[in-house]
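Enquirer: show me the folded form of this:
(2 chains)
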Number of protein chains: 2
Amino acid sequence: MSTSTALHTDRYELTMVDAAIEKGTAHREAVFETFARRLPGARRYGVVAGTGRLVDAIMRFRFRDEELSWLSEAHVVRPATIDWLADYRFSGDVWGYREGEVYFPGSPVLVVQSSFAEGVVLETLVLSMLNYDTAVANAATRMVTAAAGRPLAEMGSRRAHEEAAVAAARAAYIAGFGATSNLEAGRTWGIPTMGTAAHAFTLLHDSEEDAFRAQVAALGPGTTLLVDTYDIPTAVDTAVRVAGTELGAVRLDSGDLPTLVVDVREQLDALGATGTKITVTNDLDEYAIAGLSGSPVDSYGVGTSLVTGSGAPAAGMVYKLVAHRDDDGAWVSVAKASADKVSLGGRKRAYRRLDGGIATAEVVRTSSTAATRAGERELLTPLVANGEPIGDVLGTVGVAAARAHREKAVGELPAAAFRLTRGEPALPTIYE
Amino acid sequence: MSTSTALHTDRYELTMVDAAIEKGTAHREAVFETFARRLPGARRYGVVAGTGRLVDAIMRFRFRDEELSWLSEAHVVRPATIDWLADYRFSGDVWGYREGEVYFPGSPVLVVQSSFAEGVVLETLVLSMLNYDTAVANAATRMVTAAAGRPLAEMGSRRAHEEAAVAAARAAYIAGFGATSNLEAGRTWGIPTMGTAAHAFTLLHDSEEDAFRAQVAALGPGTTLLVDTYDIPTAVDTAVRVAGTELGAVRLDSGDLPTLVVDVREQLDALGATGTKITVTNDLDEYAIAGLSGSPVDSYGVGTSLVTGSGAPAAGMVYKLVAHRDDDGAWVSVAKASADKVSLGGRKRAYRRLDGGIATAEVVRTSSTAATRAGERELLTPLVANGEPIGDVLGTVGVAAARAHREKAVGELPAAAFRLTRGEPALPTIYE
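Expert: Numbering: from 1, shown residues only, chains lettered A, B, ... in the order given. Below is the predicted model:
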């Protein structure tokens, strides 16, 4: 995408730049840190997603004539600031947890170092992308655990904003889903797409048999036939009669799934369709998937609960100034001090402490004491240096790398991390 | 926006077209209906939003060479279907509840009449837009009620996908919010934008007073100063000293708001800043807003809970084939019959029954018996006729019309509709 992302910005970011230019403080070198104060839903761990989209979006954060003229007409900032925005191009550095990395409360998942003005205007873009994509990845990774090796398909596009849907498919794939229904996600991010027919297709035809024959004629006997438009046993019978025992799968989208799938499995086997699979898609979430673990289900399709973060639709990350240089060039650690939103100032580095390949702690150190020690894995990697992207974070390459990294990082977690119940984070966050 | 929306589509919609072309049923005239089986969160009414965005998106639903070549390479459909998609241009009719209209379970909020193939491919686009935008409007309208006339600003962009954020600002404005922090929403939809400074601005400077002086120098004494970075009474004192008693407002973003705003109001008054307003922005939802109704708050900023639908992040609307013509040209009403997702077939019309200006029922009639009766207001209006948009639904004109219509429609509701507690819909849906 080549369009500008510059107005995906809250007005106060530009008015802060305006006032800082006036005051002569806009150029002060600054460090902004993105972190979550807690894991939403009292989950045991989170999975960072959105990083690859973000790096691309930062590259497209440019104020063109159309943005500048609107900002002038709307009197958002003064003319001197319009001139500064016209030249805007992020020239600083960004470090981040790899996309697909596991995180915990306080993990500094993204660190932006630049002039105050260059960094402060990225707040909304950073948070929109990381909060939504991570919320989906956080839900998806639990569903992948609950499915215990059975394939999962993302099919929630209809329950999310149309562009969010594409990002959701991407985040779910990174977190271990195998496919998506969303064609734009297939095109843009290289994710396998799936899907065959809805109830409308059966209802359009004069009989269920007509519909099944039409589908098999076009898509072959290996297709998935939807068998719950009318009477399920009749439909299963018709499906095998029409497609033969080579029928790929039947899909169930309603009813009491645990008993239903047992009945359908028995019926398919009795009809000789022992290789025909059963896929279920009825308002599933991680708990429903776990509840089907003993049932003869072959794959799951998940919609609403996935794209809405299964009860936690935003990851709750914040973007905070943690340090800046003063006029003498000395670094000053800063943090809000009042009331309930206290945070820790200073530039930080983060490490995953491991014992025998199993993670035991999230270690966050301030820069002055920071160095990787034995048994630790450094978590912050360079994403942007002097304004240029670094490494395999963009495009389909970035998605594939993130998916592989998530599998590795989740593989290091202790067993307690995979409980679906509410509880404490699986690792303690230790500040040193 | 001029880009194609054609791949914001679930793969099964195109495979259904593929099979229907093969079978010779793709041309059958069909009626698709969008409705919600229930109001999420057991709310009393809903507010339709997204319609204007949807009509624009339908106009941009075109398969260009880049979409067609990807669909061919990915083997989504056969070559004959690629040819059909190349010529796709929606040529049917769409009726809908006006944007901003109130709706209830079973309300046919959008009706698409076209060939099966032309209509079935719009399912995901229709639902993505209506489900997300309506979810936000449903939350927003309750917050507007809870605020009881005090102004509300939307500032949740950072807790939603970056494009969803723009749609959320639009939906909130339609539902009665007065402004947004999101600059893209200001540019695209003509919504007033607001915002002045974050904690980062105070933290950047050598003292809170330096920061306040910089902000007042750039934005004038009428600005809003954020007073909870360090000690609030000290900050309020500094704010009035720096800006004078002409200070526009102070903002509180943390702490125990009900007691805090009383203290701050007393302090401002004692300092002579009796016209200085207090705005609060700390994780508010409709319940927190209602809880502040007796406190001297002047305006609210709402973020996370608004853009995530305050516990119901998708409106739960579905898009169902309800009727089609058979090969003899006769209309056939259709509906899924099995298990738990039964729906009512047939093309419907809908009316709001009123008594003395107060709504008493949602009346849904099948076409054959449909006619507006005394004391009823017809709810379905033409949005697209023969593929062309009708009326003031697009752009900023559409947003303004929707905002006005929501105020009128909500004004007709009985008092029971405005309870924030979970419960039954405020009006019964009557099928005749």
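Enquirer: counting contacts, what elements does the helix or strand in which A:E209 is found pack onto?
Expert: Taking DSSP states H and E as the criterion, A:E209 maps to helix A:208-219. Applying 3 or more C-beta pairs under 8 Å, 6 or more residues apart in numbering or on different chains; DSSP states H and E, we find helix A:208-219 packed against helix A:199-204, strand A:224-226, helix A:232-243, helix B:11-23. All C-beta spots, glycine's among them, are computed from the backbone N, C-alpha and C.
Enquirer: let's go with 7 Å and repeat that
Expert: Using 3 or more C-beta pairs under 7 Å, 6 or more residues apart in numbering or on different chains; DSSP states H and E, the elements in contact with helix A:208-219 are helix A:199-204, helix A:232-243, helix B:11-23.
Enquirer: what about the shortest one, distance to the chain center?
Expert: In this case it means helix A:199-204. Centroid separation for helix A:199-204 versus its chain: 33 Å, with C-alpha atoms, centre = their mean, to the nearest Å.
Enquirer: how many residues are close by A:T372?
Expert: Using other C-beta atoms under 10 Å in any protein chain shown, A:T372 is surrounded by 13 other residues.
Enquirer: can you give me the distance of it to A:R349?
Expert: Going from A:T372 to A:R349 by C-beta to C-beta, to the nearest Å gives 9 Å.
Enquirer: what residues does the helix holding A:E209 touch?
Expert: Helix A:208-219 has contacts (C-beta atoms under 7 Å, 6 or more residues apart in numbering or on different chains) with A:196-197, A:201-202, A:205, A:223, A:225, A:229-230, A:235, A:238-239, A:242-243, B:15, B:18-20, B:22-23, B:25.
Enquirer: buried ones in that helix?
Expert: Buried residues in helix A:208-219, counted by 16 or more other C-beta atoms under 10 Å in any protein chain shown: A:208-209, A:211-216, A:218-219.
Enquirer: tell me which of these is nearest to A:A147?
Expert: Set against A:A147, the nearest of those by C-beta to C-beta is A:L219 (25.1 Å).
Enquirer: check which helix or strand covers A:Q113.
Expert: Going by DSSP H and E, A:Q113 is in strand A:110-115.
Enquirer: and the contacts of helix A:208-219, which are buried?
Expert: When the contacts of helix A:208-219 are checked against 16+ other C-beta under 10 Å, the ones flagged as buried are A:196-197, A:201-202, A:205, A:223, A:225, A:229-230, A:235, A:238-239, A:242-243, B:15, B:18-20, B:22-23, B:25.
Enquirer: and A:L292, how many neighbours?
Expert: Neighbour number of A:L292 under other C-beta under 10 Å is 19.
Enquirer: what do you get for the one 10 residues further on?
Expert: Here the count is done by other C-beta under 10 Å, and A:V302 has 27 residues near it.
Enquirer: just A:P105 next, same as before
Expert: Residues near A:P105, counting by other C-beta under 10 Å, number 17.
Enquirer: which stretches of chain A have low pLDDT?
Expert: A:1-2, A:338-342, A:367-370 (pLDDT under 70).
Enquirer: mind giving me the domain split of it?
Expert: A:11-136+A:312-431, A:147-306 (automatic domain parsing).
Enquirer: in JSON lines: those, plus distance to B:A74.
Expert: Formatted as JSON lines, these follow (distance: least, C-beta to C-beta, whole Å):
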{"stretch": "domain A:11-136+A:312-431", "distance to B:A74": "13"}
{"stretch": "domain A:147-306", "distance to B:A74": "6"}
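Enquirer: out of those domains, flag the one nearest B:E184.
Expert: Short answer: domain A:11-136+A:312-431, nearest of these by C-beta to C-beta, at 9.2 Å.
Enquirer: do the closest one and chain B meet?
Expert: Yes. Looking at domain A:11-136+A:312-431 against chain B by C-beta under 7 Å from any C-beta of the partner chain, the contacts come from A:11-12, A:15-16, A:18-20, A:22-23, A:25, A:28, A:30, A:70, A:74, A:76, A:78, A:116, A:120, A:123-125, A:127-129, A:131-132, A:313-314, A:320-321, A:324, A:326, A:334, A:336-341.
Enquirer: just give me how far that domain sits from the chain centre.
Expert: 15 Å.
Enquirer: tell me how many other residues crowd A:L306.
Expert: 30.
Enquirer: would you mind measuring from it to A:G316?
Expert: Taking C-beta to C-beta, one finds A:L306 at 18 Å from A:G316.
Enquirer: ends of stretch A:84-98, what's the gap?
Expert: End-to-end distance of stretch A:84-98: 32 Å, with C-alpha to C-alpha, to the nearest Å as the criterion.
Enquirer: which other residues reach that stretch?
Expert: So stretch A:84-98 is in contact with A:21, A:48, A:51, A:58, A:61-63, A:68, A:103, A:107, A:109-114, A:118-119, A:379-387, A:405, going by C-beta under 7 Å, 6+ apart.
Enquirer: one step back: moving C-terminal of the strand holding A:Q113, what's the next helix or strand?
Expert: Sequence order places helix A:116-120 as the next helix or strand after strand A:110-115, per DSSP H and E.
Enquirer: contact partners of that following helix?
Expert: Identification of contacts with helix A:116-120 by C-beta under 7 Å, 6+ apart yields A:13, A:16-17, A:20, A:25-26, A:28, A:30, A:32, A:90-92, A:112, A:324, B:200, B:204.
Enquirer: looking at these, which is nearest B:L183?
Expert: A:E13 (8.8 Å).
Enquirer: count the neighbours of that closest one for me.
Expert: A count of neighbours around A:E13, defined by other C-beta under 10 Å, yields 24.
Enquirer: same question, A:G220
Expert: 11.
Enquirer: just say helix, strand or coil for A:D83.
Expert: helix (DSSP: H, G, I helix; E, B strand; the rest coil).
Enquirer: ok, the residue lying closest to A:P425 once chain neighbours are set aside to B:A404 distance?
Expert: For A:P425, ignoring the flanking residues on the chain, the nearest one in space by C-beta to C-beta, 6 or more residues apart in numbering or on different chains is A:F104 at 4.9 Å. According to C-beta to C-beta, A:F104 and B:A404 sit 48 Å apart.
Enquirer: and these two? Which one has more around it.
Expert: Using other C-beta under 10 Å, the more surrounded residue of A:F104 and B:A404 is A:F104, with 24 against 13.
Enquirer: was I right about that one contacting A:L427?
Expert: Yes. In this structure A:F104 lies within contact range of A:L427 using C-beta atoms under 7 Å: 5.6 Å.
Enquirer: need the residues touching each of the two.
Expert: A:E362.
Enquirer: tell me how far the closest residue to A:A350 other than its chain neighbours lies from chain B.
Expert: Sequence neighbours aside, A:L379 is the residue nearest to A:A350 in space, at 4.2 Å (criterion: C-beta to C-beta, 6+ apart). A:L379 is 23 Å from chain B, where distance means C-beta to the nearest C-beta, to the nearest Å.
Enquirer: what count of nearby residues applies to A:L379?
Expert: Other residues within reach of A:L379, judged by other C-beta under 10 Å, total 25.
Enquirer: mind listing what it touches?
Expert: Neighbours of A:L379 in contact, by C-beta under 7 Å, 6+ apart: A:97, A:101, A:350-352.
Enquirer: sorry, back to before: can I get the helices and strands packed on helix A:208-219 in TSV with distance to B:P40?
Expert: Formatted as TSV, those follow (distance: least, C-beta to C-beta, whole Å):
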stretch	distance to B:P40
helix A:199-204	22
helix A:232-243	28
helix B:11-23	25
